[in-house]
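> Could you look at this predicted model? Sequence included:
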Amino acid sequence: MFFVPGTKVYEENEGNLIHKNWEKYDGNVVHYPKNIKPHELQEEIIIASAKIYSLKRLLYAIVSYRWINKVLFTGEFFWQMNLRKELKKEIPFLIKFA
């Protein structure tokens with residue numbers, strides 16, 4: 001869900017936002033989810049990213065995909081690897097909201 005100021009979704013959920021720092025709207029948990037703690041959701045996002053962009057999938061892409069898809073997946077692989085590092089750094093902050 002995207003919480004863009006001025007939209008109905010934003011107005012309905014403004015009280016549930018953890019912060020309004022737009023730099024964090026890149027995969028970080030920015031709101032209080034209903035059935036899971038914010039840091040647990042962040043951890044699940046990291047796990048999902050690691051599964052989708054695993055070394056095994058990268059090797060498969062390099063061997064099996066067309067050249068443009070190889071390039072795109074390789075870029076996504078390294079971008080996600082960096083993003084996961086940044087998401088992990090945010091977990092201590094999110095634990096405060098448990």
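Right, received. Where do you want to start?
> Check the gap between the residue nearest the centre of the chain and Trp79 for me.
Using C-alpha atoms, centre = their mean, the residue of the chain that lies closest to the mean C-alpha position is Gly27, 2.6 Å off. Look at Gly27 and Trp79: by C-beta to C-beta, to the nearest Å, they are 10 Å apart. Backbone N, C-alpha and C define where each C-beta goes, glycine included.
> just checking, next helix/strand downstream of the helix or strand hosting Lys51?
Using DSSP states H and E, Lys51 sits in helix 38-52. Once helix 38-52 ends, the next helix or strand along the chain (criterion: DSSP H and E) is helix 55-64.
> what helices or strands is that next one leaning on?
Packing partners of helix 55-64 (3 or more C-beta pairs under 8 Å, 6 or more residues apart in numbering; DSSP states H and E): helix 67-95.
> now the helix it packs on against helix 38-52, angle please.
Here the directions of helix 67-95 and helix 38-52 differ by 160 degrees (axes from the mean of the first three to the mean of the last three C-alpha atoms, to 10 degrees).
> avg pLDDT for helix 67-95?
The average of the pLDDT scores along helix 67-95 is 95.
> again with stretch 38-57
For stretch 38-57, mean pLDDT is 96.
> Tell me the residues that contact both of Gly27 and Trp79, please.
With contacts taken as C-beta atoms under 8 Å, 6 or more residues apart in numbering, Gly27 and Trp79 have no neighbour in common.
> picking up where we left off before, contacting residues around the helix holding Lys51?
The contact list for helix 38-52 (C-beta under 8 Å, 6+ apart) reads 18, 27-29, 31-33, 36, 80, 83-84, 87-88, 90-91, 94-95, 97-98.
> Dihedrals phi and psi, the residue nearest to the centre of the chain?
phi 130, psi -10 (degrees, to the nearest 10).
> check contacts around it.
Each residue near Gly27 by C-beta under 8 Å, 6+ apart is listed here: Ile45, Ser49, Leu83, Leu87.
> And the pLDDT at it?
86.
> What distance do you get for it to Glu90?
Gly27 is 10 Å from Glu90, where distance means C-beta to C-beta.
> same deal with Thr74?
Taking C-beta to C-beta, one finds Thr74 at 25 Å from Glu90.
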